[in-house]
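> Predicted model follows, preceded by the sequence.
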Amino acid sequence: MRRVLKAVIFGIAWLLTSPLILLSWLESLLTRGEQVFLTCAQLLACMPGWPGARLRGAFYCATLEDCSWETHIGFGSVFTHRGAKLAPNVSMGAYCVIGHADLGRGVMMGSRVSIPSGKRQHFGEGGSLVAEARYDTVKVGAGCWIGEGAILLAEVGEGSVVSAGAVVVKAMPGGSIIGGNPAQVLRSLA
């Protein structure tokens, strides 16, 4: 019964955000830009409380590359690119900024977590600055917990815990406690 009620509420949220969804879809069909998408995302980021979380969830479910309807996206949180993927039961706190990311089932993120689209967006193969940004997808494995203010520039394996304020610059193995700047494995959870 609870799941049915959640689905009905999601449907209502989808209807309420449908004008923004339509504008974003038209932009993706007619241009390569993401300005309309980002404008809609920022508008919805300002919606407070439980209704805001439902509206953000409905919008992103319809506009991201892949997004489950069973997510929680906190106040002020925004996706900067359509290329993100969210598995079911992803939960993020307030003021998160996410680019091209692949968030596995049950990922939980504290507030102010940043996942830009990789660590070399503005550099070419030779290491020189380039005019057109290059995006990498940062993968966060299922069941990870990401602490307050962490910055993820590289993959985090499933079942890991990333401490608050950590800066992940290289791929981290699953089942680990990760912390520091630059982040390193502090200990294994096995």
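Everything's here; your move. The structure presented is a predicted model; accordingly, all values stated were derived computationally and were not measured.
> So Arg22 lies in a helix, does it not?
For residue 22 the amino acid is Leu, not Arg. Yes - Leu22 forms part of a helix when assessed by DSSP: H, G, I helix; E, B strand; the rest coil.
> Could you count how many residues lie near it?
Neighbourhood size, Leu22 [other CB atoms under 10 Å]: 11. C-beta: built from backbone N, CA, C; applies to glycine.
> what helix or strand is Pro19 on?
Using DSSP states H and E, the element containing Pro19 is helix 2-30.
> Quick one: residues contacting the residue nearest the centre of the chain.
Nearest residue to the geometric centre of the chain (CA atoms, centre = their mean): Ile98, 4.2 Å. If you count contacts by CB atoms under 8 Å, 6 or more residues apart in numbering, Ile98 has them with Ser77, Val78, Phe79, Thr80, Ala84, Met92, Val113, Ser114, Ile115.
> For it, give the beta-bridge partners.
Per DSSP bridges, the residues bridged to Ile98 are Phe79, Ile115.
> ok so, going back, just the buried members of the contacts of Ile98?
Ser77, Val78, Phe79, Thr80, Ala84, Met92, Val113, Ile115 (16 or more other CB atoms under 10 Å).
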